[in-house]
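Novice: With the sequence up front, the predicted model follows.
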Amino acid sequence: MEEKIGVLLLNLGGPETLKDVQPFLYNLFADPDIIQLPGLFKLLQWPLAKLTSVLRAPKSEKGYAAIGGGSPLRKITDEQANALRMALEAKNVNVSVYVGMRYWYPFTEEVIEQVDTLLDGIKWDDKGLAMAIAQNVDTGAILMQGFVNKGALATIITSRKATFFSRSRATLWTKGETSNNFINIYDKRRNKLCVQFSWRGFLLGHVRLLLVKLLEIQEQIGSSNIKMSNLVLI
Ligand SMILES: C=CC1=C(C)c2cc3[nH]c(cc4nc(cc5[nH]c(cc1n2)c(C)c5CCC(=O)O)C(CCC(=O)O)=C4C)c(C)c3C=C
Ligand SMILES: [Fe+2]
């Protein structure tokens, strides 16, 4: 079977219209990776996000109005995706390129649901689950074993933290969410994935690249890294 490569470009997203500004700001401020409240104050995250987004929105709307009524981020990222697809196709690489955003449309979680080609290699069971193993990429030591569904996969990709589907509680859980002892799948300092996160038939851990700029992506084109990967994290 011919190898098919899926590339998922990740970005943060921005409000596309002035009407989007307040809900976009809410999504941003509700993310503990952006604003982290200590201890029990965590419970105030959502009401505070609502309040600050409502208070800030009028000023932000003015700013966005001055640059044409919305953020250019989606357009720029779509253009990058298109340029990357064309560059790979010119090298006869069978590729689909997708864009997923963390705080606005198209949300990564929704894109993952649509990205069937990305997920072809995973053997999902009849409940939509697959066995996942988090492995230290240097030593091969197995750190965690659990199950993932497509939602967990989307969370892993957006948060870079090992996330599983709990079959007993029927919810997603991120390793370390209570202990703060996360399994980060990407180590910025070493510029590579520090944990190999693998599914049967599908190795996310082969992806050792954090490709930030299109130029850097082009440098990688034709390298075994891209050819071996089912998924490239940007
Ligand atoms: C409390 C204020 C803010 C913090 C802290 C903050 C951190 C932070 N933001 C991003 C990414 C983005 N921010 C964007 C817009 C934006 N951010 C804030 C405030 C804080 N951000 C405001 C009020 C706005 C709206 C614009 C404005 O009024 O200035 C965007 C959208 C950019 C776009 O193209 O539209 C992004 C993306 C990160 C990653 C971050 C902390 C790590
Ligand atoms: Fe911001």
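Specialist: Looks like it came in fine. Ligands and ions are numbered 1, 2, ... in the order given.

Novice: list the contacts for Leu129?
Specialist: 147-149, 165, 167 (Cβ atoms under 8 Å, 6 or more residues apart in numbering). For the C-beta atoms, the positions are set from N, CA and C on the backbone; glycine is no exception.

Novice: Which two among those are spaced furthest apart?
Specialist: Val148 and Arg167 (11.0 Å; Cβ to Cβ).

Novice: okay, these two: which has more neighbours?
Specialist: Val148 (25 against 12; other Cβ atoms under 10 Å).

Novice: Let me see the contact set for that one.
Specialist: 129-130, 132, 156, 163-165, 199.

Novice: at 7 Å what do you get?
Specialist: Applying Cβ atoms under 7 Å, 6 or more residues apart in numbering, we find Val148 in contact with 129-130, 132, 164-165, 199.

Novice: what's the answer for Ile183, then?
Specialist: 134, 143-144, 161-162, 175-176, 195.

Novice: just Ala30 next, same as before
Specialist: 45-46, 49.

Novice: Asn82 now?
Specialist: No contacts exist for Asn82 under Cβ under 7 Å, 6+ apart.

Novice: Just to be sure, it is in a helix?
Specialist: Yes: under DSSP: H, G, I helix; E, B strand; the rest coil, Asn82 falls within a helix.

Novice: From ligand 1, how far off is it?
Specialist: 19 Å (Cβ to the nearest ligand atom, to the nearest Å).

Novice: All further residue positions should be reported with the first residue as 43.
Specialist: Got it, first residue is 43 now, which makes that one Asn124.

Novice: Quick check, pLDDT for that residue.
Specialist: Per-residue pLDDT puts Asn124 at 82.

Novice: what do you get for Ile227?
Specialist: Reported pLDDT for Ile227: 65.

Novice: Please apply the same query to the one 4 residues further on.
Specialist: Among the per-residue scores, Arg231 holds a pLDDT of 47.

Novice: so who does the residue in the chain positioned nearest to ligand 1 touch?
Specialist: Across the chain, the shortest distance to ligand 1 (Cβ to the nearest ligand atom) belongs to Gly56, at 2.5 Å. Applying Cβ under 7 Å, 6+ apart, one finds that Gly56 lies in contact with 66, 113, 115, 146.

Novice: try 8 Å
Specialist: 66, 112-116, 145-146.

Novice: swap in Trp215?
Specialist: 205-208.

Novice: 7 Å instead, please
Specialist: 205-206, 208 are the contacts of Trp215 under Cβ under 7 Å, 6+ apart.
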